[in-house]
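In: Just to be clear, the model below is a prediction. Sequence and coordinates:
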Amino acid sequence: MNELMDFISSNFILFVLITVRVSGIFVAAPIFARGNIPMLLKIGLSATISFILLPILMDHYTIEIDGILSLSVYTITEFMIGLIIGFIAFVFFSVLYLAGTIIDTQMGFGMVNVFDPQTNTQIPVMGNFYNNLLSLLFIIVNGHHLLIRALVHSYNILPVGVTFNVNIYAIDLATAIMSEVFMLAFKFSAPVLLTIFLGNVVLGILARTMPQMNVFIVGLPLKIVIGMLTVIITLQYFIPFSDRLFDRMITAIYEMMQILARG
């Protein structure tokens, strides 16, 4: 135990900076940042991962701290790197939230939201359903290992103590990611949109041929039934879509780190 404490104390500054970068992921990344995970567990996991990385990185870095200002700059930089990695992962997870909002609006569930303890906000019913499935699949395929691997790889691209600027290329990539998220959400919800649109066309035809029928009373449950059937049928494509989403998420993280490293 004394040897362990001596090892950490001799590399304390590096250990703190590694912990700060790891903590950035636990603030924003999906799964890691869930609000129902105890804070002590997050701190313990951050310290554990940092302790594992410390022997690997200690031979490659020599951190010189001139004062509290220098340490503050290093700390903020390390936290921002971890936060950027976690935030990009969170943005791609938001595809299912956006798709669920589109689907709920078309099905008539636009006013029915549920509380999400992860973000402390109201989210759509279908968005919550898809997000729970995606989170479960993310753990099954060891997606959390991919995030940790991206974190470890970030030290090869953005070493401890690096300074970076958010340039126009980083802004362009962030804009492209946002656009891609919207397109993926629209593609995911497209089958439900199409079937409900066809259902509205059929209701319009019935309304013209049978004026005595109350379209509003018939239309709402009909759209719910059509939407739910379409959701059930399209669940078979959820895994291929998720695999593509995870691959694009990791690729976007690496692309952002490469841009930040170029300055």
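Out: Sure, I can see it.

In: so where's the stretch 51-200 of the chain shaky on pLDDT?
Out: Along the stretch 51-200 of the chain, segments meeting pLDDT under 70 span 59-67, 110-121.

In: make it 50
Out: Counting by pLDDT under 50, the stretch 51-200 of the chain contains no low-confidence range.

In: could you show me where the helices are in it, in order?
Out: Taking DSSP state H, counting those that start in this stretch as the criterion, the stretch 51-200 of the chain carries its helices at 68-107, 125-140, 143-157, 168-209.

In: Roughly how far does the residue lying farthest from the centre of the chain sit from residue 218?
Out: The outermost residue of the chain, judged by C-alpha distance from the chain's mean C-alpha position using CA atoms, centre = their mean, is residue 212 at 49.2 Å. For residue 212, the distance to residue 218 equals 12 Å [CB to CB, to the nearest Å]. For the C-beta atoms, the positions are set from N, CA and C on the backbone; glycine is no exception.

In: Then residue 73?
Out: Counting by CB to CB, the gap between residue 73 and residue 218 amounts to 64 Å.

In: What of residue 178?
Out: Shown here: residue 178 relative to residue 218, a distance of 39 Å by CB to CB.

In: Can you name the helix or strand that the residue farthest from the centre of the chain falls in?
Out: Taking DSSP states H and E as the criterion, residue 212 maps to no regular element, lying outside all helices and strands.

In: same deal with residue 241?
Out: With the criterion set as DSSP H and E, the secondary-structure element containing residue 241 is helix 238-262.

In: which helices and strands does that helix pack with?
Out: If contacts are counted by 3 or more CB pairs under 8 Å, 6 or more residues apart in numbering; DSSP states H and E, helix 238-262 sits against helix 68-107, helix 125-140, helix 143-157, helix 168-209.
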